[in-house]
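Visitor: Predicted model, plus sequence, below.
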Amino acid sequence: MAGTTFETRHAQMFPRLEQAEIERLRRFGRVVRAKAGEALATAGVASPGLFVVLDGRVAITRRDAHDERQPIVEHDAGQFIGEIAQLSGRPSLVDVTALTDVEALLIAPDRLRAVLVAEAELGERIMRALILRRVSLIETGAGGPIIVGRAADAQVIRLSGFLARNGHPYQHLDPDAVDCAQVLIQRFHVDESELPIVLCPNGAILRQPSDHQLGRCIGLAGPIDAERLYDVAVVGAGPAGLATAVYAASEGLSVLVLDTRAFGGQAGASARIENYLGFPTGVSGMALMGRAFSQAQKFGAELAIPDEVAALDCEGGADRYRLKLASGETAQARTVVIASGARYRRLEVDNLDRFEGACVHYWASPLEAKLCSGQEVALVGAGNSAGQAAVYLASQVKKVWMIVRGESLAATMSRYLIDRIESTPNIEVVVRAEIVDLEGDSEDGKGGQLSAVRWRGPDGQEEVKAISHLFLFIGAAPNTAWLTHCHVELDNHGFVRTGTDLAPGHPSLHTSRKGVFAIGDVRAGSVKRVAAAVGEGAQAVAAIHAYLANA
């Protein structure tokens, strides 16, 4: 596995602690013992925390598609067992078995978070190791669910994208390409119409699951305590929402973050962000948002993803708000931060829905790039997200046709991206053009196979290209329908009004409801930049403190 994180950063992934460091950790944990052959952690079952081996030897293994254990690494005295899931008490991704009689220091998730804060230098080494171990598991798919279904199936693409966007390892087995996929189909008596199926690490089998069902099965989201009153409920886990979570939790507030699909929002789907302060060589949206997600967990924020907020209930009294979730659950908070961002706008083409999921995409990640590798693709849009996607796809595909409605890219895109597009030979920009038809499989329902895209140019002439994948970056509409019952004031375009947009002297970021704040793309007048969203997230926490102090 040369070139993998396991090979290149092995020393950082598996550091050995000095005796003095172990002694400093003792006040955060308790000593536990296990006999040879006994399990300390089991894949698919919530782990009790991080183990520091004091004496003995343990084996870390993963389970393959045949449910057989494959070795990953062994640990002995001075090494610790765990990865990023142990910060929040989520299910273990691996099996941990004592090879000899073992004595270990068990540090529970809440105490582990205390270690990371109280022991800065040691905490940094531990945190880096936990993150790198998760990265390595993602690279190999170890410890995650197994998706069995055909690669071009819209539901397989959806499930794979959901797991990838949430930084969770998984394996995909295509029955047309991998023999063991057929073995699994036969073993579990699965009909072709039931594909894809998902085998969860806890042994459960899901047939064509929703994102929410899969998230619950693998422990991404657990039940929410309806009686607990949080200081802050953040709706949306994009850069604005995660910034609020990090700053609020680090300052001692109890924080619940909810998002309907994945952390990172639209920023998390960006192939490369090059104008974010402090990253001169650029950073992928997923890497940046993944760090923020881990940082929020480090400070104790509770993240429930995927959990969709269906409505904000303002009838709970002057000191609390109630969030009604699509799952039927509820959550309570003294303040609410609206960071729900926006939903991607859809192209006005009659048969668009027939190709969504399999051939029409709203972000460009390695998953989508793999699907269209070596092919010609079409991309609609003229903003920075469109430019980033076009440049990224150009490195993976034969050609990118960039369809732009306006006169040029100059009015809507950063100059550095325009220069890069102009210097990339396999990107062709077609201005004053719009797509008028999609051709391909005409069966009802989503997941049809696209075969050609037709667009009309400035002279009225129509052109057809043999294209199987279409990428849409045409902006987004505010995600505010869930606010209807609470009557939070919106502008004519559906964005949340705040501050002086409501009345002279009205506090910044405050909505028309006391204790309810709006930040990021969902807020009327916001600057649509990652840095601006992060800044508003931090600013919101100051406003929350001021509100709670006077509540």
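Guide: Perfect, I can see it now.

Visitor: Quick one: residues contacting the closest residue to I338 other than its chain neighbours.
Guide: Excluding its sequence neighbours, the residue lying closest to I338 (CB to CB, 6 or more residues apart in numbering) is A518, at 4.2 Å. Backbone N, C-alpha and C define where each C-beta goes, glycine included. In this structure, A518 makes contact with V337, I338, A339, V488, V496, T498, L509, T511, judged by CB atoms under 8 Å, 6 or more residues apart in numbering.

Visitor: before we move on, what about N384?
Guide: Contacts of N384 by CB under 8 Å, 6+ apart are M413, S414, L417.

Visitor: So which residues of the stretch 351-500 of the chain form strands?
Guide: Along the stretch 351-500 of the chain, the segments classed as strands by DSSP state E, counting those that start in this stretch run 360-361, 376-380, 399-403, 427-430, 434-440, 450-456, 462-465, 470-472, 476-478.

Visitor: which outside residues touch the second one?
Guide: Residues from elsewhere that reach strand 376-380 (CB under 8 Å, 6+ apart): 347, 386, 389-390, 393, 397-404, 435, 453, 455, 465-474.

Visitor: all helices for the stretch 301-450 of the chain, in order.
Guide: 366-371, 384-394, 415-422 (DSSP state H, counting those that start in this stretch).

Visitor: Please tell me how far the second one is from the chain's geometric centre.
Guide: Just to be clear, that refers to helix 384-394. Taking CA atoms, centre = their mean, to the nearest Å, one finds helix 384-394 lying 20 Å from the centre of the chain it belongs to.

Visitor: how about low-confidence regions in the protein?
Guide: 1-2, 316-318, 442-447 (pLDDT under 70).

Visitor: roughly how far apart are the residue lying farthest from the centre of it and N492?
Guide: For the chain, the largest distance from the centre (CA atoms, centre = their mean) belongs to D459, which lies 42.3 Å off. Here D459 is placed at a distance of 35 Å from N492 (CB to CB, to the nearest Å).

Visitor: how many neighbours does V541 have?
Guide: For V541, the neighbour count with other CB atoms under 10 Å is 23.

Visitor: which residue sits closest to it, ignoring its sequence neighbours?
Guide: Leaving out its chain neighbours, the residue that sits closest to V541 by CB to CB, 6+ apart is Y247, at 4.3 Å.

Visitor: what sits against that neighbour?
Guide: Neighbours of Y247 in contact, by CB under 8 Å, 6+ apart: G537, A538, V541.

Visitor: How about K465?
Guide: Counted by CB under 8 Å, 6+ apart, K465 has contacts E376, A378, W401, A452, V453.

Visitor: Emit the ChimeraX select command for whichever of those residues are buried.
Guide: This is how ChimeraX selects the buried members of those, with burial counted by 16 or more other CB atoms under 10 Å:
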select :376,378,401,453
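
Visitor: Closest one to G215 out of the contacts of K465, please.
Guide: A378 (31.9 Å; CB to CB).

Visitor: So that closest one versus M289, what's the distance?
Guide: As for A378, its distance to M289 is 27 Å (criterion: CB to CB).

Visitor: Likewise for E119?
Guide: Distance from E119 to M289, by CB to CB: 26 Å.

Visitor: So the two - more neighbours on which side?
Guide: M289 (27 against 16).

Visitor: The more buried one reaches G268, doesn't it?
Guide: Yes: using CB atoms under 8 Å, M289 is in contact with G268, at 4.1 Å.

Visitor: what sits in contact with each of the two?
Guide: In terms of CB under 8 Å, 6+ apart, M289 and G268 are both contacted by the residues G238.

Visitor: how deep is A310 tucked in, by neighbour count?
Guide: Using other CB under 10 Å, A310 is surrounded by 16 other residues.

Visitor: Find the residue closest to it in space, skipping its chain neighbours.
Guide: A326 (4.6 Å).

Visitor: what's P306 in contact with, if anything?
Guide: By CB under 8 Å, 6+ apart, the residues touching P306 are F162, D211, H212, G215, L220, A221, D259, T260, R261, A262.

Visitor: redo that, cut-off 6 Å
Guide: By CB atoms under 6 Å, 6 or more residues apart in numbering, the contact list for P306 reads D211, H212, G215, T260, R261.

Visitor: Give me the distance between it and S327.
Guide: 9 Å.

Visitor: ditto for I60
Guide: From I60 over to S327 the distance is 34 Å, taken as CB to CB.

Visitor: higher neighbour count, these two?
Guide: Set I60 next to S327 and count neighbours by other CB under 10 Å: I60 wins out with 24 against 16.

Visitor: In a strand, the more buried one, correct?
Guide: Yes: assigned with DSSP: H, G, I helix; E, B strand; the rest coil, I60 falls within a strand.

Visitor: Wait, it touches S92, no?
Guide: No: I60 is beyond contact range of S92, at 10.0 Å (criterion: CB atoms under 6 Å).

Visitor: Next SSE downstream of the particular helix or strand that has A245 in it?
Guide: Taking DSSP states H and E as the criterion, A245 maps to helix 239-250. Sequence order places strand 255-258 as the next helix or strand after helix 239-250, per DSSP H and E.

Visitor: just how off-centre is that following strand within its chain?
Guide: That offset, for strand 255-258, works out to 14 Å (CA atoms, centre = their mean).

Visitor: Keeping just the C-alphas, turn it into CSV.
Guide: Only the C-alpha atoms of strand 255-258 are listed here, as CSV (Å, rounded to 0.1, in the frame of the first residue of the first chain):
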residue,chain,number,x,y,z
VAL,A,255,-24.5,23.0,21.3
LEU,A,256,-26.6,20.8,19.0
VAL,A,257,-25.9,21.0,15.3
LEU,A,258,-28.4,19.5,12.8
